[in-house]
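Asks: Just a sequence and a predicted model for now, questions to come.
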Number of protein chains: 2
Amino acid sequence: MRRDRIFLATTLTAIFSADLYFILLPKLRSIRQTSGHFCSCAPKNFTLPRHGGLASPQLSNWTSALPLDVTTSESDDGISKLERLFSHPLYNIQIPLLGPEERLLQAEQLMEYYRRKVSRWERHMKAYSEAAAVSNITVTEHEVTFDPDASWVKFHLGINRYALYSRDDPAIPKLLREMQSMAVVSADYTQDEKALKGACDCTQVVKPSGHHLKLALKMQNFAKAMFKPMRQQRDEETPEDFFYFVDFQRHNAEIAAFHLDRILDFRRVPPVSGRLVNITGEVLQVTHNEDLRGVFFTSPASNTCFFAKCLYVCKTEYAVCGNPDLLEGSLSAYLPGLSIAPRISIPNPWIRSYTFSGREEWEVNPFYCDTIKQMYPYNSGNRLLNIIDMSIFDFLIGNMDRHHYEIFTKFGDEGFLLHLDNARGFGKHSVDEMSILAPLSQCCMIKRSTLMRLQLLTRREYRLSDVMRESLQADPLHPILMEPHLLALDRRLQKVLRMVQRCVRRLGENEVIARDFEKSTSTPQATTEMREVR
Amino acid sequence: MRRDRIFLATTLTAIFSADLYFILLPKLRSIRQTSGHFCSCAPKNFTLPRHGGLASPQLSNWTSALPLDVTTSESDDGISKLERLFSHPLYNIQIPLLGPEERLLQAEQLMEYYRRKVSRWERHMKAYSEAAAVSNITVTEHEVTFDPDASWVKFHLGINRYALYSRDDPAIPKLLREMQSMAVVSADYTQDEKALKGACDCTQVVKPSGHHLKLALKMQNFAKAMFKPMRQQRDEETPEDFFYFVDFQRHNAEIAAFHLDRILDFRRVPPVSGRLVNITGEVLQVTHNEDLRGVFFTSPASNTCFFAKCLYVCKTEYAVCGNPDLLEGSLSAYLPGLSIAPRISIPNPWIRSYTFSGREEWEVNPFYCDTIKQMYPYNSGNRLLNIIDMSIFDFLIGNMDRHHYEIFTKFGDEGFLLHLDNARGFGKHSVDEMSILAPLSQCCMIKRSTLMRLQLLTRREYRLSDVMRESLQADPLHPILMEPHLLALDRRLQKVLRMVQRCVRRLGENEVIARDFEKSTSTPQATTEMREVR
């Protein structure tokens, strides 16, 4: 019986030690961490007086409001954090009533434009069907109906000088749903792929060659979306030896970037939805493009695949395959055509060198921003602040590939920057690439409204990773991001705020935190650096 | 105290159940499995009478000797299984004394040849150093000494009409050791890479384009080896949608194939060793090739990398990187130069279609072998049996890419087939690609000596996976193969033997099991199908 007791004591000690080590200690640790102070910096209500643009809402002593020690502890009361966020006053700033000049498109003009496009499409379809019948090609034909009330038309009509869409526009969730399920009536290469005519763009030594896989899909209601197929598993990280410019494009990054942009209230990314595309029925069988048909094949595992075709290169290594036909991808809503809503593409002043060892000036000159600040169009107005917004967005998603940005010509230099092409984000959750924040660290300025939203998103009730997780759950391909990527958002957000804090400490709040809109003093004019978007 | 006792009882029951389930049951199961019958078919001793070549050793009733029910249970008495295998009579068949015609090279001739090469090299080095000094290129220079007694010279001199090396040649382990550690004095593209001149070989729709990474390294003692860098982690499997012809080349497959070939007693693969190569010090700094120097770069993670360069293509995606300079690779000993020991490269009659959907005749015609048997050089002698040996070897390693084979012209049609270029083996451990065995299944014949060795390797004391594991442990990069690949060898071996068994049941032993060497009746002559190896 003595031995029994010893045994019993040993067993209990072991169990208790395990309990202590694995259960109690972690709990204690997490309690200690969450006991840090929380600020409550919720501003009460905002309206934006028409004052040459958006004025900044009042902020109490902002530095004390920086909740840098917020940790990731959970405390959910069952209420949707995302809804709470979107009903926060910061997300309910009213924009002034929009005049015609502040809208990208006029309804009549747009309808006329699309009616012409529809009738051209119908003529094309007729001619194609006849030709296909002669050459014995079977192409699935779908009825196409143009509806002036379609969600994508409403999306186009809703674009204004402040953002791509308004916060509560019901057309946006409808557009997302339609992109997820509506019948695809045709598939083709995108215009820029066609411009390359099969030649890979090798101008920069090492441009990626596997990017010819994005396709333009047309839906039954004439909506158009860009399809980027899945190239990488969600849990794969970009190899550390990859240059940013040879990194894969990730369909889930494209989706997640749209959600983040909306959560940051930028609304500068066109709506993106995930979709399981049947690449046989919804691409191969509906394309009228012989070249595209030619890159389809059946893999040894009997899956349908298609590959990128470059002149002189044979690259099934780059093929993507369905299972056997179904393939995940992102669908990004197209912006209005360039002929009706021209945009210009402008090199990012903080562009990277697309060579192995080259360095750009901003990487070696700590006073680079002073130069930029003197240069048109960055010498006045909001442009530089917009660039800094973009750099914060790119830092959060980890996108190093922002070589150009686009703006609508109609809105001139005061227009917002479009955050297009985000598929190289979310490559490495374990790395925070601080160089992406160079515009912020070198210029030391940020819009007050951006800063306040960033601060809000560090608070437990609105925590960025939580609202992102919730937002992404609406996508049919969820989970879109693995947990480490979501947690990286919180960590990076803290780094942005810490950088702002350092700037304020050095230069003072007035220098760093900018009122949102300031009237441009110089007349907008195209510089040689700008180029028309093809 | 009662509760204590209950608790104690519960604990003990739990421990006993776990013990029963995890320890005792598996043990019982393995005992039951190993109690299956083992045949003991060890032949006592063999000598090979000079009888137009090798005669086959006597075999008792072979079918009863097929130990198909051998399982993978362990029973090691501490003795090296590999040593036991190599001391087995089947591995000690004496070959007749070699006359000069049965050796590939004569010593005097070879020495003269290499002395000329050495002096050419020295002239080249001198000229290069002068030129490099002028253009300010720093190249590490090493003293090169040609030793007529070097292991690689002995390897070359030992090649004979039966095999690339004899079983107990001490030069082979010495050569392996030297390849592992000897200073590299120069690096260059291989001859066939140079022939492509940077153009990727796209003749077959989809030839892989990332194969320009293999390099020829010259050692301090003038030995030459082909370096294939690591491209894939050991635990990665080839994606199921990959065609065999776009699969990666695996350095560990190259190493493992050499060991397997030796274990099968074929000795038709030149010695291969793993090595951790310093790609800066042992490639970049010793190459005299400007093009090769041009493909080196430093990665974002500060590792030294180099990439495959194809005309019109920019492919850092294919880059391999050191850590920061060290990179695993396989080093395969070069065969004697083609000018002194010419070889011909002959299309494999069971070649695959290198297109997406094409099929070769053997894939659709079940009587394909009957046609082949009528055709020179397969209509007499050993050639067809050699092809079948090769297909068994390829089936075991899972290599689908044997489009050509090579033989030394000196030995004519009776020469053995070289099993070169095995880097596409060991891609998928979970798949046994039965089509690789088509020569065996369609011709239903096998050499008696091959069959006997395969049978031996299914026996517990000589189990293929065990001797392979042991053999591979000698390589500095061990583990070379992950366990699933080793176990796949046992499984595939059983499938080969089962196929032979089916043939014997159908056609009888005399038809299926061939005496090893038969004198060729037709005069050897080059057919149009043969082509000189460049």
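Replies: All right, it came through fine.
Asks: Would you mind listing the buried residues in the longest helix along chain A?
Replies: The residue-count maximum for a helix in chain A (DSSP state H) belongs to helix A:107-134. Going by neighbour count (16 or more other C-beta atoms under 10 Å in any protein chain shown), the buried part of helix A:107-134 is A:110, A:113-114, A:117, A:121, A:125. No exception for glycine: its C-beta is placed from N, CA and C like everyone else's.
Asks: Please apply the same query to stretch A:473-481.
Replies: For stretch A:473-481, by 16+ other C-beta under 10 Å, it's A:475-477, A:480-481.
Asks: any idea which of those is the one closest to residue A:429?
Replies: residue A:481 (8.5 Å; C-beta to C-beta).
Asks: For the closest residue to the closest one other than its chain neighbours, give its distance to residue A:168.
Replies: Leaving out its chain neighbours, the residue that sits closest to residue A:481 by C-beta to C-beta, 6 or more residues apart in numbering or on different chains is residue A:256, at 5.2 Å. Distance of residue A:256 to residue A:168, given as C-beta to C-beta, to the nearest Å: 22 Å.
Asks: the more surrounded of these two?
Replies: residue A:256 (27 against 9; other C-beta atoms under 10 Å in any protein chain shown).
Asks: what about that one, helix or strand, and which?
Replies: Using DSSP states H and E, residue A:256 maps to helix A:251-263.
Asks: so who does residue A:402 touch?
Replies: Neighbouring residues of residue A:402 by C-beta atoms under 8 Å, 6 or more residues apart in numbering or on different chains: A:348, A:350-351, A:390-391, A:394.
Asks: is it possible to export the residues you listed to a markdown table including distance to chain B and pLDDT?
Replies: Listed next are these as a markdown table, based on distance: C-beta to the nearest C-beta, whole Å; pLDDT from 0 to 100:
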| residue | distance to chain B | pLDDT |
| --- | --- | --- |
| A:348 | 19 | 95 |
| A:350 | 17 | 96 |
| A:351 | 16 | 93 |
| A:390 | 22 | 98 |
| A:391 | 19 | 98 |
| A:394 | 16 | 98 |
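Asks: Mind putting the residues you listed into JSON lines with secondary structure?
Replies: Listed next are those as JSON lines, based on DSSP: H, G, I helix; E, B strand; the rest coil:
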{"residue": "A:348", "secondary structure": "coil"}
{"residue": "A:350", "secondary structure": "coil"}
{"residue": "A:351", "secondary structure": "coil"}
{"residue": "A:390", "secondary structure": "helix"}
{"residue": "A:391", "secondary structure": "helix"}
{"residue": "A:394", "secondary structure": "helix"}
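Asks: Could you pick out the buried ones from these?
Replies: Counted by 16+ other C-beta under 10 Å, the contacts of residue A:402 give A:348, A:350, A:390-391, A:394 as buried.
Asks: Give me the distance between the residue positioned nearest the centre of chain A and residue A:341.
Replies: The centroid of chain A falls nearest to residue A:257 when counting by C-alpha atoms, centre = their mean (2.6 Å). Applying C-beta to C-beta, the value for residue A:257 to residue A:341 is 21 Å.
Asks: Also residue A:495?
Replies: Distance from residue A:495 to residue A:341, by C-beta to C-beta: 36 Å.
Asks: Next, the buried residues of stretch A:173-192.
Replies: A:174-176, A:178-179, A:182, A:184-189.
Asks: Which of those residues fall in helices?
Replies: Among the buried residues of stretch A:173-192, the members found in helices (DSSP H) are A:174-176, A:178-179.
Asks: right, and the pair among these with maximum separation?
Replies: A:174 and A:179 (9.8 Å).
Asks: Alpha carbons of stretch A:442-456, as PDB, please.
Replies: Provided in PDB are the C-alpha atoms of stretch A:442-456 (Å, rounded to 0.1, in the frame of the first residue of the first chain):
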ATOM      1  CA  GLN A 442      10.800  59.700 -45.000                       C
ATOM      2  CA  CYS A 443       8.000  62.300 -45.300                       C
ATOM      3  CA  CYS A 444       6.700  61.900 -41.800                       C
ATOM      4  CA  MET A 445       3.100  62.900 -42.700                       C
ATOM      5  CA  ILE A 446      -0.200  61.100 -42.600                       C
ATOM      6  CA  LYS A 447      -3.900  62.100 -43.100                       C
ATOM      7  CA  ARG A 448      -5.700  62.500 -39.900                       C
ATOM      8  CA  SER A 449      -8.600  60.400 -41.000                       C
ATOM      9  CA  THR A 450      -6.300  57.500 -42.000                       C
ATOM     10  CA  LEU A 451      -4.500  57.700 -38.700                       C
ATOM     11  CA  MET A 452      -7.700  57.700 -36.700                       C
ATOM     12  CA  ARG A 453      -9.000  54.700 -38.400                       C
ATOM     13  CA  LEU A 454      -5.700  52.900 -37.900                       C
ATOM     14  CA  GLN A 455      -5.900  53.700 -34.300                       C
ATOM     15  CA  LEU A 456      -9.400  52.500 -34.100                       C
END
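Asks: how many other residues sit next to the residue nearest to residue A:323 when sequence neighbours are not counted?
Replies: Sequence neighbours aside, residue A:303 is the residue nearest to residue A:323 in space, at 5.9 Å (criterion: C-beta to C-beta, 6+ apart). By the criterion of other C-beta under 10 Å, residue A:303 has 20 neighbours.
Asks: now residue A:411
Replies: 18.
Asks: And it, how close does it get to residue A:111?
Replies: 22 Å.
Asks: Same check on residue A:428?
Replies: With C-beta to C-beta as the criterion, residue A:428 and residue A:111 are 46 Å apart.
Asks: next one: residue A:273
Replies: Taken as C-beta to C-beta, the span from residue A:273 to residue A:111 is 25 Å.
Asks: just residue A:434 next, same as before
Replies: 48 Å.
Asks: Repeat that for residue A:506.
Replies: Residue A:506 is 54 Å from residue A:111, by C-beta to C-beta.
Asks: check contacts around residue A:421.
Replies: Counted by C-beta under 8 Å, 6+ apart, residue A:421 has contacts residue A:401.
Asks: Before we move on, what's the pLDDT of it?
Replies: Model confidence at residue A:421, given as pLDDT, is 92.
Asks: repeat for residue A:128
Replies: 86.
Asks: Contact partners for the closest residue to it other than its chain neighbours?
Replies: Nearest residue to residue A:128, sequence neighbours excluded (C-beta to C-beta, 6+ apart): residue A:288, at 5.2 Å. Residues in contact with residue A:288 (C-beta under 8 Å, 6+ apart) are A:124, A:128, A:139, A:186, A:188.
Asks: Switch these over to CSV; also include distance to residue B:365.
Replies: Below are the contacts of residue A:288 laid out as CSV (distance: C-beta to C-beta, whole Å):
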residue, distance to residue B:365
A:124, 46
A:128, 41
A:139, 36
A:186, 42
A:188, 41
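Asks: of those residues, closest to residue A:515?
Replies: After measuring the contacts of residue A:288 against residue A:515 - C-beta to C-beta - the closest member comes out as residue A:188, at 45.4 Å.
Asks: wait, that closest one sits on residue A:224?
Replies: No. Judged on C-beta atoms under 8 Å, residue A:188 makes no contact with residue A:224 at a distance of 9.9 Å.
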